[in-house]
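Peer 1: Output the structure for:
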Amino acid sequence: MFGTTPEELAAVQAPRLASPRLAARTLDALADTIEAACRHGVKVSANIVIPDHDHVERVLRIIEWHGRDVIVRMLVNLEEDGASLTAMREVLDHLGAVPDLRVITAGASDQRTRYRLPDGRTLYAKSIRPVRLPDTCTGCRFNNDRDCQEGYYGVRMYRAKNGPFMIGVCIQRMDLCLPLGEFVTSQRCTEVRNFRDDETARLTALHHAPDREPNRS
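Peer 2: Numbers count the residues shown, from 1 in each chain. Modelled structure (predicted):
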């Protein structure tokens, strides 16, 4: 959700669409879509990137308007995560949010914390773990914190122009995409599956590990 007012939304549109009048129609259509989905029992989620303090009010408006019907997820701005994390904390403090669950996706860089608000609503804060595929990412020219801020986020499906469905593992390396049928029998698919299974085992072991006595030396 890129805007909560016609002016906000128009400001991030292409020049030919940068009209508050058109933006107002888009926001009305969005509200109607959310209402229709909820009426028919369809789960609705809203992802909101919060770059800095200037966006706090926008996020608070979305939570106020849609927080009871929509799963709201705040996302860190990867290009400026310091200011973004500070703004995210400002939102949480303003709402009196209390963390009650941490979710980690095994074999991918996605992680999120679920917060509970005083009125019972929930809010998610999403961030990125430094995760890389052990073979595919090793030696890649983007494999550094500057050029690869998202890390390995998971597989994505694309449709080639006038061609087949393709599976990719990196938003910057489209040359790594393989046709769906080829991917499922490839070493890359095996790498992704093994990496996920290994992380699942490691994270599960950490979760169930008994508490250790504190080091008193």
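Peer 1: check contacts around the nearest residue to residue 164 once chain neighbours are set aside.
Peer 2: Spatial nearest neighbour of residue 164, excluding adjacent residues (CB to CB, 6 or more residues apart in numbering): residue 179 at 4.7 Å. Where you see a C-beta, it was placed from the backbone N, CA and C, and this is true even at glycine. Taking CB atoms under 8 Å, 6 or more residues apart in numbering, we find residue 179 in contact with 160, 164, 165, 166, 167.
Peer 1: Contacts made by stretch 87-98 with the rest, please.
Peer 2: By CB under 8 Å, 6+ apart, the list of residues contacting stretch 87-98 reads 50-53, 55-56, 59-60, 63, 74, 76, 115-118, 123, 125.
Peer 1: So what's the gap between it and the chain middle?
Peer 2: Remark: stretch 87-98 is offset 18 Å from the chain centroid, using CA atoms, centre = their mean, to the nearest Å.
Peer 1: Residue 177 contacts residue 166, doesn't it?
Peer 2: Yes. Assessed by CB atoms under 8 Å, residue 177 is found in contact with residue 166 at 4.3 Å.
Peer 1: Can you get me a residue count around the nearest residue to residue 174 once chain neighbours are set aside?
Peer 2: Nearest non-adjacent residue to residue 174, counting by CB to CB, 6+ apart: residue 168, 6.5 Å away. Neighbour count of residue 168, defined by other CB atoms under 10 Å: 19.
Peer 1: For residue 168, list the residues it contacts.
Peer 2: With CB under 8 Å, 6+ apart, residue 168 has these contacts: 155, 156, 157, 158, 174, 176, 177.
Peer 1: returning to that earlier point: overlap in contacts, residue 177 and residue 166.
Peer 2: In contact with both residue 177 and residue 166: residue 158, using CB under 8 Å, 6+ apart.
Peer 1: Out of the contacts of stretch 87-98, list just those in strands.
Peer 2: Residues of the contacts of stretch 87-98 located in strands (DSSP state E): 50, 74, 76, 115, 116, 123, 125.
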